[in-house]
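[1] next one to model:
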Amino acid sequence: MHAFGSGRGYTTFRYSGIRLDDTSIAPDGRTHVHVDVTNTGDRAGTEVVQLHVTDNHASVSLPRIRLRGVAKRRVAAGERVTVSFPVVAARDLTLVDERLRTVVEPGTFDLTIGSASDRPHQRISLTVS
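    Numbers count the residues shown, from 1 in each chain. Have a look, this model is predicted:
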């Protein structure tokens, strides 16, 4: 079995410089996460960049990681591009609690960006308070 996004290409990519516009947001807040993707190969290629979220303090059981964004970018050989994802708490950080309400709980969330669900390249924490 292969992880989502495990396809291969004809070039290689390096991920670096992950950053958030805001490292802490309210339960109804939003921010953006950005990462630089560099084509380190000698030919152009297309990279599918994925954003996964892990809730570190959920009050109910959740999947270990949840896919929350996908961006497909064509990158020339040697070129660096910045890929950005909006993170909207009410959309990306919710869970269904024990009373069957959809809520955003306070706590820390790991935002992971990579080329496949089993190949995280960059990770950063976001706090909801």
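[2] bridged to the most centrally placed residue in the chain, which residues?
    Nearest residue to the geometric centre of the chain (CA atoms, centre = their mean): residue 51, 2.1 Å. In this entry, residue 51 is beta-bridged to residue 69, residue 113, by DSSP bridges.
[3] quick check, it in contact with residue 68.
    Yes: using CB atoms under 8 Å, residue 51 is in contact with residue 68, at 5.0 Å. All C-beta spots, glycine's among them, are computed from the backbone N, C-alpha and C.
[4] how far away is the residue of the chain most remote from its centre from residue 15?
    Here the chain reaches farthest from its C-alpha mean at residue 99, the gap being 28.3 Å by CA atoms, centre = their mean. Distance, residue 99 to residue 15, using CB to CB, to the nearest Å: 39 Å.
[5] quick one: neighbours of the closest residue to residue 15 other than its chain neighbours, just the number.
    Spatial nearest neighbour of residue 15, chain neighbours left out: residue 121 (3.5 Å); criterion: CB to CB, 6 or more residues apart in numbering. A total of 18 residues lie near residue 121 under the criterion other CB atoms under 10 Å.
[6] so what's residue 121 up against?
    Residue 121 sits next to 15, 35, 113-115 when contact means CB atoms under 8 Å, 6 or more residues apart in numbering.
[7] take these and write them to a markdown table, including pLDDT.
    Shown next, in a markdown table, are the contacts of residue 121 (pLDDT from 0 to 100):
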| residue | pLDDT |
| --- | --- |
| 15 | 96 |
| 35 | 97 |
| 113 | 96 |
| 114 | 93 |
| 115 | 91 |
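[8] what about the residue farthest from the centre of the chain, which SS state?
    coil (DSSP: H, G, I helix; E, B strand; the rest coil).
[9] need the contact list for it.
    No residues are in contact with residue 99 under the rule CB under 8 Å, 6+ apart.
[10] do the same with residue 128
    So residue 128 contacts 24-27, 29, 89, 93, 104-109 (CB under 8 Å, 6+ apart).
[11] where do the strands sit along the protein?
    Remark: strands assigned in the chain by DSSP state E are 13-20, 24-25, 30-39, 45-55, 66-75, 80-88, 95-96, 102-103, 107-116, 119-128.
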